[in-house]
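**Student:** mind looking at a prediction? Sequence and model below.
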Amino acid sequence: MGPTGVGKTDLAIELYQDLVINIISVDSVQVYKHLNIGSGKPSTDVLKKYPHDLIDILKPNESYSTSQFQDDVIDSVRNAFQTKRIPLLVGGTMMYFHHLVNGISKLPSVDSQIRLRVKEEFEEKGVHEMYKYLEKIDKNSSTKIHQNDTQRIKRAIEVFLATGKELSKWQAENKKETNQLISESHLIQIAIKPQNKDLHRENIAKRFKGMIDAGLIEEVEGILERKGMSPNSQSMKSVGYRQVCEYLGGDCSLDDMIDRGINSTRQLAKRQMTWMRSWDNIIFLENNSSLFSSVKDLILKNS
RNA sequence: GGAGGGGUUGGGGAGCGGUCAAACCCAGCAGACUGUAAAUCUGCCGCCUCGUGCUUCGAAGGUUCGAAUCCUUCCCCCUCCA
């Protein structure tokens, strides 16, 4: 795992040539078909030669979640073991990794009707009032959630309305549990960090400009034309895609959009680093010339 | 040369005699994270020996108990007329 733009994909491909591994992507955006350029997805040719699990498994108008990811990765990992291959999980979606390692409570799903209703209520009444409502129905959750945190307030209310039971109660009754397959496996957690912070910032800028040159704007236009798509779709909220949508919607100039895209990518990388810093049992490696052999040794020693 | 407008803490930009180390936005830094997570949210953001402390609002003087705010001169920038 590691922040965006440190070279995880290249490393995985290199390892694939030397080891008996299955590459499994841990990436909340690469799961989407057609989100190619902006998600930094490997090219079709590369994917053909070096297959990745959990890429292109959803249409751009679909939603995904941490728990669906849990189910999908477990399937992939199991499949790798069955074919006597080492599963190599590669990606930057830290919460997916986090729940895979630390477990997640089993919670009921909330149907889209209720979610829509809650969303409309939020727009009508505003966060403040909805937070007060949450305090009434689920005091325990409300103390854990900040009064401005729209998304988490929404979720807690949704669960309550859908099931009649408080989210906090669900969580208390269904404690986090790591999947057996994972807890029984010998897990090596490797974090790749950039060798030089300023250089990494520069790389991110170059990378984003490169995406624009490669046709990111056209890619987004094409995606938005698909049925059921709008800039509000979950997939279009991700870094880069959101900014291009803003530009296409006339919110900003091309140059502003590029700046915003670069900044959001940098901020993303920063948040990813924040996750890694407090991560237990993690091996930090710098992205330098010995990275490949270090990772390879770690895998061979532990398999 | 003439007439206006302006120079504010990294950038943008409020403030126009005291409640101003100076709103707000951006950038930056640190952090949180249980089914949207590339999401959402929080804190910090002149300096220090952390105090009714120190130095800041183009520069230098002045008025005033008190100035980023008023006056004078100077230096820049922009617009318009020549």
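**Tutor:** Alright, I've got the coordinates.
**Student:** now do the contacts for the one residue in the stretch 201-303 of chain A that gets nearest to RNA strand B.
**Tutor:** Of all residues in the stretch 201-303 of chain A, A:S238 sits closest to RNA strand B, at 3.0 Å by Cβ to the nearest atom of the strand. For glycine as for every other residue, the C-beta is placed from the backbone atoms N, C-alpha and C. Applying Cβ atoms under 8 Å, 6 or more residues apart in numbering, one finds that A:S238 lies in contact with A:S28, A:V29, A:L35, A:G38, A:S39.
**Student:** quick check, the last one in contact with A:K33.
**Tutor:** In other words, A:S39. No: taking Cβ atoms under 8 Å as the definition, A:S39 is not a contact partner of A:K33, at 10.5 Å.
**Student:** neighbour-wise, which of those two wins?
**Tutor:** Higher neighbour count among A:S39 and A:K33: A:S39, with 24 against 17, using other Cβ atoms under 10 Å.
**Student:** which parts of the stretch 201-303 of chain A are helices?
**Tutor:** A:216-225, A:241-248, A:254-277, A:291-302 (DSSP state H, counting those that start in this stretch).
**Student:** the closest residue to A:H186 other than its chain neighbours: neighbouring residues, count only.
**Tutor:** When the adjacent residues along the chain are set aside, A:H186 lies closest to A:N302, with 5.7 Å between them (Cβ to Cβ, 6 or more residues apart in numbering). Residue crowding around A:N302 was assessed by other Cβ under 10 Å; the count is 10.
**Student:** contact partners of stretch A:92-100?
**Tutor:** Where contact means Cβ under 8 Å, 6+ apart, the residues beyond stretch A:92-100 that reach it are A:1-4, A:8, A:26-28, A:66-67, A:69-70, A:73, A:89, A:91, A:178-179, A:182, A:189, A:271-272, A:275-276.
**Student:** go through the biggest helix by length in chain A and flag the buried ones.
**Tutor:** Taking DSSP state H as the assignment, the helix of chain A that covers the most residues is helix A:112-137. Neighbour-count burial for helix A:112-137 flags A:I114, A:R115, A:V118, A:E121, A:F122, A:M130, A:Y131, A:Y133, A:L134 (criterion: 16 or more other Cβ atoms under 10 Å).
**Student:** and stretch A:270-289, by the same measure?
**Tutor:** Of the residues in stretch A:270-289, those scored as buried under the neighbour-count criterion (16+ other Cβ under 10 Å) are A:Q272, A:M273, A:W275, A:M276, A:W279, A:I282, A:L285, A:N287.
**Student:** hmm, who's touching it?
**Tutor:** The contact list for stretch A:270-289, computed with Cβ under 8 Å, 6+ apart, reads A:1-4, A:6-7, A:92, A:94-95, A:98, A:187-195, A:291, A:294-295, A:298.
**Student:** narrow those residues to those that are buried.
**Tutor:** When neighbours are counted using 16+ other Cβ under 10 Å, those contain these buried positions: A:1-4, A:6, A:92, A:94, A:188, A:190-194, A:291, A:295.
**Student:** those: which two are farthest apart?
**Tutor:** Every pair in those was compared (Cβ to Cβ); the two farthest apart turn out to be A:T4 and A:I188, at 21.6 Å.
**Student:** just the pLDDT at the residue of chain A most remote from its centre, thanks.
**Tutor:** Here the centre of chain A is the reference, and by Cα atoms, centre = their mean the most remote residue is A:K136, at 32.2 Å. Taken from the predicted model, the pLDDT recorded for A:K136 is 97.
**Student:** ok, now A:D149?
**Tutor:** Per-residue confidence at A:D149 stands at 97 (pLDDT).
**Student:** what's near enough to touch it?
**Tutor:** Contacts were defined as Cβ under 8 Å, 6+ apart; by that measure A:D149 touches no other residue.
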